[in-house]
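> 3D model of this:
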Amino acid sequence: MYIAMNRFRVKTGSEPDFEAVWLNREVHITKEEGFVEFRLLRGPQHEDHTLYVSHTVWASEQHFVAWTKSQAFRDAHKDAGQNKPLYLGPPHFEGFAVIQTVTP
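You can find the predicted model right below:
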């Protein structure tokens, strides 16, 4: 398993617009080979921003990399530049190989 995350520092007051972008967008990822799940997370509020994280789980890092090279990825991100006014700087990517999973 592989987890890919992007951290977004969303300007204070822009949270409803940021969430609307994600909740109303066309989803391209669900048919990708190796895709397991996606979550959009809202984190702590700071003086000038709220932290959000896009969190995807993949069967492997290779599946994630293949997604980033796909037409579906390009389609999903084609309008991303229009949302720059909502952020404090660009998103910060973090990728993780899953070492252990514990389930009930």
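
> helix or strand with the lowest mean pLDDT in the protein?
helix 71-77 (a mean of 82; mean pLDDT, DSSP states H and E).

> how near is residue 67 to residue 25?
To residue 25, residue 67 is 16 Å away according to Cβ to Cβ, to the nearest Å. In this view, the C-beta of every residue, glycine as well, is placed from N, C-alpha and C.

> if you count what's nearby, which of the two comes out ahead?
More neighbours surround residue 67 than the other of residue 67 and residue 25, with 20 against 10 (other Cβ atoms under 10 Å).

> by contact count, what packs against whatever helix or strand that one lives in?
Per DSSP states H and E, residue 67 falls inside helix 61-68. Secondary structure elements in contact with helix 61-68, counted by 3 or more Cβ pairs under 8 Å, 6 or more residues apart in numbering; DSSP states H and E, are strand 2-11, strand 49-58, strand 92-97.

> picking up where we left off before, can you show me the CA trace of the least confident helix or strand of the chain as PDB?
C-alpha atoms of helix 71-77 as PDB (Å, rounded to 0.1, in the frame of the first residue of the first chain):
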ATOM      1  CA  GLN A  71      -4.700  11.600 -19.000                       C
ATOM      2  CA  ALA A  72      -7.200  11.300 -16.100                       C
ATOM      3  CA  PHE A  73      -4.600  13.000 -13.800                       C
ATOM      4  CA  ARG A  74      -4.100  15.900 -16.300                       C
ATOM      5  CA  ASP A  75      -7.900  16.200 -16.600                       C
ATOM      6  CA  ALA A  76      -8.400  16.300 -12.900                       C
ATOM      7  CA  HIS A  77      -5.800  19.000 -12.400                       C
END
